[in-house]
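Asks: predicted model follows, preceded by the sequence.
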Amino acid sequence: MLAHVRPALVALAVFTLLTGLLYPLAVTGLAQALFPLQANGSLVQQAGRTVGSALIGQAFDDPGYFWGRPSATSPFPYNAFDAASLSASAGSNYGPLNPALLDRVQARIAALQAADPGNPAPFPVDLVTASASGLDPHISPAAALYQVPRVARARGLPEAQVRQLVEQHTEGRQFGVLGEPRVNVLLLNLALDGLQ
């Protein structure tokens, strides 16, 4: 019996060392050497402190800021930077025929109308529907441009200047073909703060 157990224990020890220690250390070392920003969470620093991540959406509700895509986890948005209020991400799983989905969309439309009652533009879909994860850091250029009049008015800036800032922060398709053009809300809002 010992002849059968010893090779199994040796294999367990070798593979534990290889896959449980050496491989993770090698991957972590390569990631830190080749992609340090991404390996550390794409954290955004301002004045020496972390203000967020370029990969995780954050809730903005002040009229002077661009608002991101709604989270299905509302009113408890994901917050990885505060251990006391740490919450998970989740989709709503509401199908298109679920009345709760329609109620939420109508509530978001009402909030947009209340924040900018004179805006005649159609509501961009990504401002009234939640993302699957609740963590999307981006909105469509149409969603950002829809918010330009409200943000410009709240900050006392010309709309043309705010619109130009949106255009400067619009990212194209990845490799020219993948995905859609998008605007990172956190980076746009930080640039907006930099104007004043």
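Replies: Done, it's in.

Asks: outside of the helix or strand harbouring residue 107, which residues touch it?
Replies: Using DSSP states H and E, residue 107 maps to helix 99-115. By Cβ atoms under 8 Å, 6 or more residues apart in numbering, the residues outside helix 99-115 that reach it are 63, 70, 92, 94, 95, 119, 123, 127, 128, 129, 130, 150. C-betas here are computed from N, CA, C, even on glycine.

Asks: go on, stretch 171-183?
Replies: Contacts for stretch 171-183 (Cβ under 8 Å, 6+ apart): 66, 138, 139, 140, 141, 143, 144, 166, 169, 170, 184.

Asks: now do that stretch: distance from first to last residue.
Replies: Using Cα to Cα, to the nearest Å, the end-to-end distance of stretch 171-183 comes to 6 Å.

Asks: again with stretch 168-179
Replies: Note: stretch 168-179 ends 18 Å apart using Cα to Cα.

Asks: just stretch 37-44 next, same as before
Replies: 9 Å.

Asks: ok, now stretch 116-123?
Replies: Terminal-residue distance, stretch 116-123 (Cα to Cα): 11 Å.

Asks: list the buried ones in that stretch?
Replies: Neighbour-count burial for stretch 116-123, counted by 16 or more other Cβ atoms under 10 Å, picks out 116, 123.

Asks: residues making contact with it?
Replies: By Cβ under 8 Å, 6+ apart, stretch 116-123 touches 63, 109, 112, 113, 146, 147, 149, 150.

Asks: pull out the buried members of the residues you listed.
Replies: Among the contacts of stretch 116-123, those classed as buried by 16+ other Cβ under 10 Å are 112, 146, 147, 149, 150.

Asks: make JSON lines out of those and add pLDDT and secondary structure.
Replies: Formatted as JSON lines, those follow (pLDDT from 0 to 100; DSSP: H, G, I helix; E, B strand; the rest coil):
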{"residue": "112", "pLDDT": "91", "secondary structure": "helix"}
{"residue": "146", "pLDDT": "95", "secondary structure": "helix"}
{"residue": "147", "pLDDT": "94", "secondary structure": "helix"}
{"residue": "149", "pLDDT": "95", "secondary structure": "helix"}
{"residue": "150", "pLDDT": "94", "secondary structure": "helix"}
